[in-house]
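Asker: Show me how the following folds:
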Amino acid sequence: MNRMNNLGIMQGRLTDKGGFYPQQFPWADWQQEFAAASAAEIAYIEWMFNYEDYEKNPVWTESGRKQITFCENHTGVSVKSVCANYFMEKGLFEDGKPNRESFMVLQRLIEYTAMMGARILVLPLFEGNTTSVESLCDPSFRETIAAAERNHIRIALETDWEAGLCRRILDVLDSDHLGICYDLGNAKGNGRDILSEIQLLKNKVFDIHIKDKPVGGTTVMLGEGDVDFRECFLLAQSMDFRGPMILESYYGESAVSDTLKNIHYIKNIRGYAYENLIYRSGQRRTKASA
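Answerer: Prediction:
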C-alpha cells in the first residue's frame with residue numbers, strides 16, 4: 001500500500017445528524033457514505049458495530065455483507081477495520097468473570113469481519129468494557145485470540161492504559177494478531193508523550209485514530225487541540241506504518257461540512273510531513289556521501 005493512501009474515516013461522520021453523536025450508526029445513509037468518502041479521496045471506512053440493533057447491522061448478515069462488498073467494488077473505498085462499540089455496552093467481563101454471551105458475540109463478529117474482507121477488529125476497553133490486565137489473561141480471551149488467528153484477523157485494543165503497560169500485556173499474550181489501536185487525541189488529552197509511546201509500541205500499533213484534544217480537555221476540531229499532527233505523521237512515515245489512519249474527529253451541527261474541513265486539514269499536514277521526510281532523507285544521504 002502507498003503510505004499516502006491509508007487515510008480512513010470512522011463510519012457516521014459523513015452523515016449529518018444535527019449535532020455531535022459520534023457513536024450513532026448511520027442506518028439510512030451508510031451506503032451513501034461510501035460515495036462521499038470516495039469523493040473526498042478517502043481510502044477506508046472503519047465500520048461501526050454497536051450494541052443497539054446489532055443483529056440488524058449489515059456486517060451481521062450475509063445479505064448485509066454482500067451489500068457492503070457491492071459498495072466497496074463500486075466506489076473503491078474499502079472496509080479494512082471494524083470498531084466493536086458493542087462491548088462498551090455489554091462488556092466481556094462482569095465482576096472479573098467472563099460474560100459468556102459477550103464472548104460468543106465477539107467470536108462471531110471475528111468470523112463475520114473476516115467474511116467481509118476486513119482484517120482489523122478494534123476492541124475498545126472503555127465504559128462498560130473497562131477491564132483489568134489480569135482479565136485479558138483469562139482463557140476466554142486467549143480463546144478469542146486463537147479465533148482471530150484462525151480467521152486472519154488482528155485485534156487492536158483501544159485503551160487508556162499507558163504504552164508501557166500495553167507493551168507488557170502484549171508481550172505476555174504473545175500473538176502477532178493482538179495489538180493496539182492508538183488514539184492520538186485520547187493520548188494527548190491524558191497528557192501522554194505520543195511519539196515516545198508509538199515508538200515503544202512499534203509494530204504492535206495496528207490502527208491509528210486521528211482525533212484532537214487539548215491536554216486535560218475534550219475533543220475539538222483537528223488543529224484546535226494539542227496534538228502535533230506533523231510530527232505524528234513524520235514518525236508514522238519514518239516507521240513505514242501501513243495500517244489504517246482513521247479520522248475519528250469532532251464535528252458540530254453539520255457533520256459533513258466539519259468532517260470535510262478535518263479531512264482537508266489532515267491532508268495538508270500529511271503532505272507536509274511526507275515532503276519533509278523526503279527532504280530529511282536527502283540531507284542524510286548528502287551528509288553520508290560528503
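Asker: So, low pLDDT: which residues of the stretch 1-150 of the chain?
Answerer: In the predicted model, the stretch 1-150 of the chain carries pLDDT under 70 at residues 1-4.
Asker: Kindly recompute the last result at 80.
Answerer: Counting by pLDDT under 80, the stretch 1-150 of the chain has low-confidence residues at 1-5.
Asker: could you show me where the helices are in it, in order?
Answerer: All helices of the stretch 1-150 of the chain, identified by DSSP state H, counting those that start in this stretch, fall at 30-39, 62-75, 86-89, 100-115, 133-136, 139-150.
Asker: So which residues make contact with the first one?
Answerer: What it means is helix 30-39. When contacts are taken as Cβ atoms under 8 Å, 6 or more residues apart in numbering, the neighbours of helix 30-39 outside the stretch itself are 9, 11-12, 14-15, 26, 44-45, 58, 67, 71-72, 74-77, 256. Every C-beta, even on glycine, is put in place using the N, C-alpha and C of the backbone.
Asker: Strands - which of the residues you listed land there?
Answerer: Within the contacts of helix 30-39, residues falling in strands by DSSP state E are 9, 44-45.
Asker: Neighbour-wise, which one of the residues you listed leads?
Answerer: Using other Cβ atoms under 10 Å as the contact criterion, the top neighbour count among the ones in strands among the contacts of helix 30-39 goes to residue 45, which has 31 neighbours.
Asker: ok so, going back, now, which of the ones in strands among the contacts of helix 30-39 sits nearest residue 202?
Answerer: Distance to residue 202, by Cβ to Cβ, is smallest for residue 44 among the ones in strands among the contacts of helix 30-39, at 21.9 Å.
Asker: Tell me the bridge partners for the closest one.
Answerer: With DSSP bridges applied, residue 44 shows beta-bridge pairing to residue 8, residue 78.
Asker: That one contacts residue 79, correct?
Answerer: Yes: assessed by Cβ atoms under 8 Å, residue 44 is found in contact with residue 79 at 7.0 Å.
Asker: How about the secondary structure of residue 233?
Answerer: In terms of secondary structure, residue 233 is helix; the call rests on DSSP: H, G, I helix; E, B strand; the rest coil.
Asker: what's around it, how many residues?
Answerer: Counted with other Cβ under 10 Å, the burial measure for residue 233 works out to 25 neighbours.
Asker: Please report how far it lies from residue 37.
Answerer: Look at residue 233 and residue 37: by Cβ to Cβ, to the nearest Å, they are 20 Å apart.
Asker: same thing with residue 170?
Answerer: In this structure, residue 170 lies at 31 Å from residue 37, with Cβ to Cβ as the measure.
Asker: So for these two, which sits in the more crowded spot?
Answerer: Each of residue 170 and residue 37 had its neighbours counted (other Cβ under 10 Å), and the higher figure belongs to residue 37 (26 against 17).
Asker: which non-adjacent residue is nearest that one?
Answerer: Sequence neighbours aside, residue 77 is the residue nearest to residue 37 in space, at 4.6 Å (criterion: Cβ to Cβ, 6 or more residues apart in numbering).
Asker: Identify the residues contacting the one you found.
Answerer: Contacts of residue 77 were listed using Cβ under 8 Å, 6+ apart, and they are 34, 37-38, 42-45, 71.
Asker: re earlier: need the winner for burial among the helices of the stretch 1-150 of the chain.
Answerer: Most buried of the helices of the stretch 1-150 of the chain by mean neighbour count (mean count of other Cβ atoms under 10 Å) is helix 86-89; its value is a mean of 21.
Asker: Show me what that one is packed up against.
Answerer: Judged by 3 or more Cβ pairs under 8 Å, 6 or more residues apart in numbering; DSSP states H and E, the packing partners of helix 86-89 are helix 100-115, strand 120-124.
Asker: give me that answer again for 7 Å
Answerer: Taking 3 or more Cβ pairs under 7 Å, 6 or more residues apart in numbering; DSSP states H and E as the contact definition, the neighbouring helices and strands of helix 86-89 are strand 120-124.
Asker: Please report how far the closest residue to residue 231 other than its chain neighbours lies from residue 187.
Answerer: With Cβ to Cβ, 6+ apart as the measure, residue 195 is the residue that lies nearest to residue 231, at 6.1 Å, once sequence neighbours are left out. Between residue 195 and residue 187 the distance is 10 Å, computed by Cβ to Cβ.
Asker: Those two: which has the busier surroundings?
Answerer: Neighbours were tallied for residue 195 and for residue 187 using other Cβ under 10 Å; the higher tally belongs to residue 187 (22 against 13).
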